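>>> I'd like to go over a predicted model; first the sequence, then the structure.
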Amino acid sequence: MSPPVAPYSGMPAIRDRYAAIFRSLADRRHVLMLVFGFSSGLPFLLVFGTLSAWLREAGVSRTEIGLLSWVALAYSFKFVWAPAVDGLDPPLLARWLGRRRAWMMLAQCGVAAGLIGVAMSDPAVFLPGLIGFALLVALASATQDVAVDGWRINAAPQDGQAMLAAIYQLGYRLALLCSGAGALYIADFVDWRSAYLAMAVLMLVGMAGVLAAPRLAEDTAPSRQRSWRATIGEAIVEPFTDLARRKGSSLILILALIALYRLPDFVAGVMANPLYIDMGFSKSEIASVSKVFGVWVGIAGAFVGGVAAARFSVMPCLVFGGVAAAASNLMFAWLAVRGHDLTLLTLSISLDNFASGFAGSVLIAYMSGLTSPTMAATQYALLSSLYALPGKFVGGASGLLADKVGYPWFFICTALVGAPIALLSLAVWRLERRAARARRLPERSPEPEADAAREGAG
């Protein structure tokens with residue numbers, strides 16, 4: 001008599017997996033991550049796109065506005081002071097809030113103070129003063145990013161990082177909506193000073209989140225006072241050595257993947273607004289489609305990326321996200337050939353923002369999984385700086401390439417970067433599967449072989 005066939009349990013397992021995903025949305029940490037994402041995203045445009053509009057309106061030359069972009073290096077080199085955020089307690093605040101939250105509160109106060117300083121400045125009278133306050137905002141904002149990333153990585157296990165990353169992206173993009181379209185609307189109806197003062201007030205949202213957040217175990221770890229005397233080289237080498245020890249030779253491919261993964265977005269993004277202007281789109285059309293509608297599409301992409309990574313694991317989603325984000329640039333090549341077409345503009349921005357949001361969430365989850373809990377903030381700052389630096393440097397030459405080959409071929413070239421991204425993603429995925437299989441495989445025992453030899457002899 002044949003044994004009874006066990007009922008197929010795949011559907012209940014899938015149903016339980018999705019139920020767990022949606023139950024997790026009510027987790028207190030996810031609400032806090034939404035707040036921290038908002039607080040991290042709010043200052044970004046206020047020292048770049050939004051500030052550039054104010055400076056240009058005040059008569060500042062394009063050359064001076066371009067030089068102001070060097071303020072972005074604060075975000076790219078945040079790994080230099082990330083060890084201090086990982087291992088040192090801010091005086092007074094750390095005793096009250098714990099290390100992570102103390103750094104977040106200190107950075108948020110710095111951002112608010114810098115925004116107030118920018119609001120009270122007049123670029124037409126004394127531009128260096130305004131740039132100095134903008135630099136304070138960028139430095140404090142980059143420090144906040146380090147502290148928030150450390151808190152996020154320590155607040156949940158690896159299988160919970162994808163959803164946290166998606167919710168962080170949601171908060172971040174909502175903040176971009178406020179500091180982009182919101183600030184421009186306030187400046188249009190009132191003035192620039194009121195716009196920046198309003199953004200400074202919105203930093204209270206992040207401060208409230210800090211006060212509501214629980215204190216993590218890492219917040220009470222002994223402070224590594226040695227770091228005050230450590231050189232910059234030591235601060236960078238120690239976390240990198242830990243990564244190399246855990247990942248071995250596969251770290252080379254991993255770093256190459258991270259460096260290239262968002263390159264098409266960074267390079268194409270520099271030429272996106274010039275393309276819209278040259279195609280004859282009005283500023284209102286660009287603002288409505290890109291700054292408002294596009295943000296919500298990006299939020300949807302970030303959520304889908306987080307849910308997909310939680311459901312299917314990070315690596316297959318990393319392959320899909322990298323290829324989709326690069327391929328979406330082909331839509332801009334089509335737009336450059338087609339010309340002024342509002343429907344095609346909307347479709348292009350929709351596909352690009354959705355793919356970028358998806359890829360961004362998955363990459364955050366992947367990089368978070370590479371870090372060690374004891375050096376989470378430092379290692380994540382190193383990895384996130386790596387993925388941002390190539391795009392910023394190569395993006396500076398994007399105008400030269402666009403002038404030489406024209407918009408259609410420029411965006412086709414950026415899309416072709418998706419090919420090596422796909423190959424690197426597949427190679428890293430294969431290495432990860434091999435490493436996981438090696439961890440699960442028990443050591444072989446000689447007894448079965450001996451038994452087989454005895455049976456053969458008999």
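Yep, it's here.

>>> now do the contacts for residue 164.
Listed by Cβ atoms under 8 Å, 6 or more residues apart in numbering, the contact partners of residue 164 are 29-30, 33, 152, 155-156, 306. (Glycine included, C-beta is placed from N, CA and C.)

>>> just read off the phi/psi values of it.
Taking degrees, to the nearest 10, you get phi -60, psi -40 for the backbone angles of residue 164.

>>> got it, and residue 215?
Comment: the main-chain dihedrals of residue 215 come out as phi -80, psi 130, following degrees, to the nearest 10.

>>> and it, how far is that from residue 101?
With the distance defined as Cβ to Cβ, to the nearest Å, residue 215 ends up 7 Å from residue 101.

>>> so between those two, which is more surrounded?
Set side by side, residue 215 and residue 101 show more neighbours around residue 101, with 24 against 13, by other Cβ atoms under 10 Å.

>>> so which strand or helix has the more buried one?
Counting by DSSP states H and E, the element that carries residue 101 is helix 99-119.

>>> that helix: how far from the chain's middle?
Computed by Cα atoms, centre = their mean, to the nearest Å, the separation of helix 99-119 from the middle of its chain amounts to 20 Å.

>>> elements contacting the helix or strand following it?
Sequence order places helix 127-155 as the next helix or strand after helix 99-119, per DSSP H and E. Helix 127-155 makes packing contacts with helix 28-46, helix 73-76, helix 82-87, helix 99-119, helix 161-177, helix 342-370, helix 376-395 when contacts are defined by 3 or more Cβ pairs under 8 Å, 6 or more residues apart in numbering; DSSP states H and E.

>>> ok and the fifth one relative to helix 342-370, angle-wise?
Going by axes from the mean of the first three to the mean of the last three Cα atoms, to 10 degrees, helix 161-177 is angled at 130 degrees with respect to helix 342-370.

>>> so what angle separates the directions of helix 161-177 and helix 28-46?
Angular relation of helix 161-177 and helix 28-46 on a 0 to 180 degree scale: 40 degrees, by the same axes, to 10 degrees.

>>> compute the inter-axis angle for helix 161-177 and helix 127-155.
Going by the same axes, to 10 degrees, helix 161-177 is angled at 160 degrees with respect to helix 127-155.

>>> what is the nearest of the contacts of residue 164 to residue 437?
Minimum separation from residue 437 among these (Cβ to Cβ) is found for residue 156, which lies at 25.4 Å.

>>> my understanding was that that closest one contacts residue 30; is that so?
No: because the distance of 9.1 Å does not satisfy Cβ atoms under 8 Å, residue 156 is recorded as not touching residue 30.

>>> could you measure the closest residue in space to residue 132 that isn't next to it in sequence against residue 196, distance?
Nearest-residue entry for residue 132: residue 117, 7.8 Å, with adjacent residues in sequence omitted and distances by Cβ to Cβ, 6 or more residues apart in numbering. Separation of residue 117 from residue 196 (Cβ to Cβ): 9 Å.

>>> check residue 231 and give its pLDDT.
pLDDT recorded at residue 231 is 45.

>>> same deal with residue 234?
With respect to pLDDT, residue 234 has a value of 55.

>>> can you check the one 10 residues further on too?
pLDDT recorded at residue 244 is 84.

>>> just to revisit the earlier point, of the helices and strands packed on helix 127-155, which approaches residue 183 most closely?
Nearest to residue 183 among these is helix 28-46 (6.9 Å), distances taken as Cβ to Cβ.

>>> in TSV, list the helices and strands packed on helix 127-155 along with distance to residue 405 and mean pLDDT.
Converted to TSV, the helices and strands packed on helix 127-155 look like this (distance: least, Cβ to Cβ, whole Å; pLDDT from 0 to 100):
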stretch	distance to residue 405	mean pLDDT
helix 28-46	29	90
helix 73-76	27	78
helix 82-87	39	79
helix 99-119	38	95
helix 161-177	30	83
helix 342-370	19	89
helix 376-395	15	75
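
>>> tabulate those helices (CSV), appending distance to residue 259.
Below are the helices and strands packed on helix 127-155 laid out as CSV (distance: least, Cβ to Cβ, whole Å):
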stretch, distance to residue 259
helix 28-46, 21
helix 73-76, 12
helix 82-87, 18
helix 99-119, 26
helix 161-177, 19
helix 342-370, 12
helix 376-395, 5
